[in-house]
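**Student:** next come a sequence and a model predicted from it.
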Amino acid sequence: MKDLLEAIVRALVDHPDEVQIKEVHGDHAHVLELRVAKDDLGKVIGKGGSHATAIRTIMAAASGKEKKRYILEIIEF
């Protein structure tokens with residue numbers, strides 16, 4: 001899931017080298033903490049959160065195969 005998220009986000013941003021993803025394992029869910037450059041934050045979130053919602057939808061669809069729940073947190077540098 002981390003690789004999928006990284007591929008999607010790197011395609012959206014202007015500074016792909018600054019994309020960092022940290023995975024935190026929990027009992028019921030896995031949290032993916034996404035950090036991007038301050039200039040790219042708006043591109044990842046999108047107008048009205050449209051890009052973030054779409055990314056979360058793709059993650060939910062892909063996670064069904066793994067029988068795990070993933071939560072995406074977008075963190076500003």
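**Tutor:** Sure, I can see it.
**Student:** from Lys68, how far out is Val36?
**Tutor:** To Lys68, Val36 is 24 Å away according to C-beta to C-beta, to the nearest Å. All C-beta atoms are positioned from the backbone trio N, CA, C, and that covers glycine.
**Student:** err, Ala29, not the other one
**Tutor:** Taken as C-beta to C-beta, the span from Ala29 to Lys68 is 8 Å.
**Student:** helices along this structure, start to end?
**Tutor:** 2-12, 41-45, 50-66 (DSSP state H).
**Student:** measure how the last one sits relative to helix 2-12, angle-wise.
**Tutor:** It stands for helix 50-66. 160 degrees (axes from the mean of the first three to the mean of the last three C-alpha atoms, to 10 degrees).
**Student:** so which bits of helix 50-66 are buried?
**Tutor:** His51, Ile55, Met59, Ser63 (16 or more other C-beta atoms under 10 Å).
**Student:** hang on, Glu66 packs against Lys2?
**Tutor:** No - look at Glu66 against Lys2 with C-beta atoms under 8 Å: they stay out of range, at 11.7 Å.
**Student:** more neighbours, Val36 and Lys68?
**Tutor:** Val36 (26 against 13; other C-beta atoms under 10 Å).
**Student:** so for the more buried one, what's the pLDDT?
**Tutor:** Listed pLDDT for Val36 reads 96.
**Student:** give the full set of residues in contact with it.
**Tutor:** By C-beta atoms under 8 Å, 6 or more residues apart in numbering, the contact list for Val36 reads Val9, Val13, His15, Glu18, Val19, Gln20, Val44, Ile74, Phe77.
**Student:** alright, calling it a day.
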